[in-house]
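Novice: Attaching a predicted model along with its sequence, questions to come.
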Amino acid sequence: MANTLIDQFLESLWLEKGLSDNSLSAYRRDLDQLSAWLEQHGKTLMDATHPLLQQFLGWRAEQAYSARSTARVLSAIRGFYRYLLRRELISEDPVCLIESPRLGRQLPQSLSETDVEALLQAPSVVRPLEFRDRTMLELLYASGLRVSELVALKTGNVNVRQGVVRVLGKGSKERLVPLGENALDWLERYLVDGRQALLGEVRTDTLFPGRQGKPMTRQAFWHRIKKYAIKAGIDKPLSPHTLRHAFATHLLNHGADLRVVQLLLGHSDLSTTQIYTHVARHRLQQLHAEHHPRG
């Protein structure tokens with residue numbers, strides 16, 4: 001009975017929300033865990049009450065599950081019992097009075113300026129493919145672009161004379177992002193020499209093409225970033241957004257305004273950029289200590 005209900009719930013999620021297989025598998029694992037725990041207490045999913053679910057969450061806390069993991073599990077349980085309520089298989093929602101655990105917003109993993117310099121130096125620029133990669137890394141760090149935005153760039157998106165790149169970001173919102181002298185220098189050299197050596201006789205308007213002139217995928221470039229990180233001796237956890245976060249963090253460390261960083265990152269809401277506020281606050285504390293007479 002429990003498996004049937006879970007199957008039906010997951011099928012409704014797939015039909016209504018088009019969730020991925022990974023998401024559906026995660027929902028199944030969470031609900032299977034609850035079902036197994038209830039069975040150990042002589043109950044089924046249909047017997048769950050508010051006190052029982054509180055006990056289940058308490059058990060998870062004793063097992064040292066993280067608050068983030070429990071929040072995800074609670075989301076799955078909440079959706080499941082709302083589904084049962086809509087189908088009138090239960091008369092009241094046992095989850096409605098249970099609050100989700102409070103989660104602090106984590107600052108994304110970033111790199112120090114020394115780490116970034118080592119990463120930028122890692123490609124061997126005598127090879128056309130690595131010349132392209134060095135230019136891409138320089139552009140990423142200078143502009144804070146998303147990797148998906150970077151690999152989608154066309155030659156017409158770059159204005160070397162004005163020193164800007166035109167980016168089509170999330171929600172098809174366009175923004176102009178300035179580039180620093182180093183990134184512009186690499187870009188100019190790449191456009192004059194590196195790109196043609198990479199393409200040969202192939203014709204394409206993709207700014208950073210892959211092999212045979214085909215557009216790169218963000219996954220392919222991400223694998224190349226990881227390769228260069230290993231070569232540079234960087235053992236910190238990395239993500240596809242690592243250089244984007246380094247861009248924002250280092251700007252704030254050097255005195256940039258949070259709203260300027262918001263515009264450069266293409267965040268539509270300042271609250272998204274506010275994960276970096278503790279960086280800005282740390283910078284203000286340093287300035288206060290350095291310049292205030294009683295600092």
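Specialist: Perfect, thanks for sending it.

Novice: Could you use CA atoms for every contact and neighbour count after this?
Specialist: Noted.

Novice: in the stretch 101-250 of the chain, which spans are strands?
Specialist: With DSSP state E, counting those that start in this stretch as the definition, the stretch 101-250 of the chain shows strands at residue ranges 158-159, 164-168, 174-178.

Novice: from the chain's centre, how far out does the shortest one sit?
Specialist: The gap between where strand 158-159 is centred and where its chain is centred comes out at 26 Å by CA atoms, centre = their mean, to the nearest Å.

Novice: try the second one
Specialist: Using CA atoms, centre = their mean, the mean C-alpha position of strand 164-168 is found 20 Å from that of the whole chain.

Novice: In the sheet, which strands lie alongside it, parallel or antiparallel?
Specialist: Strand 164-168 pairs in its sheet with strand 158-159 (antiparallel), strand 174-178 (antiparallel), by DSSP bridges.

Novice: mind listing the helices for this protein?
Specialist: Under the criterion DSSP state H, the chain carries helices at the ranges 2-17, 21-40, 50-62, 67-86, 113-121, 128-143, 147-151, 181-189, 195-199, 218-231, 242-253, 258-265, 270-273, 277-291.

Novice: mean pLDDT for the ones you listed: which is lowest?
Specialist: When the helices of the chain are compared on mean pLDDT, helix 270-273 scores lowest, with a mean of 50.

Novice: I'd like to know how many residues surround residue 34.
Specialist: Using other CA atoms under 10 Å as the criterion, residue 34 is surrounded by 19 other residues.

Novice: Quick check: the gap between the residue nearest in space to the middle of the chain and residue 145.
Specialist: The C-alpha lying nearest the average C-alpha coordinate of the chain belongs to residue 241 (CA atoms, centre = their mean; 5.9 Å). Plainly put, residue 241 is 9 Å away from residue 145 if you go by CA to CA, to the nearest Å.

Novice: returning to what we had before: so what pLDDT did the residue nearest to the centre of the chain get?
Specialist: Per-residue pLDDT puts residue 241 at 77.

Novice: tell me the contacts of the nearest residue to it once chain neighbours are set aside?
Specialist: Computed as CA to CA, 6 or more residues apart in numbering, the closest residue to residue 241 that is not its neighbour in sequence is residue 146, at 6.6 Å. Contact analysis of residue 146 by CA atoms under 8 Å, 6 or more residues apart in numbering lists 140, 241, 244.

Novice: Can you get me a residue count around residue 225?
Specialist: Residue 225 has 24 nearby residues by other CA under 10 Å.

Novice: likewise residue 165?
Specialist: Taking other CA under 10 Å as the criterion, the count of residues near residue 165 is 22.

Novice: How is this protein partitioned into domains?
Specialist: Using automatic domain parsing, the domains assigned to the chain come out as 2-86, 113-289.

Novice: between these, which gets nearest to residue 98?
Specialist: Shortest separation from residue 98 across the domains of the chain is recorded for domain 2-86, at 7.7 Å, computed as CA to CA.

Novice: Residue 178 and residue 164 touch, don't they?
Specialist: Yes: checked against CA atoms under 8 Å, the pair residue 178 and residue 164 is within contact range at 4.3 Å.
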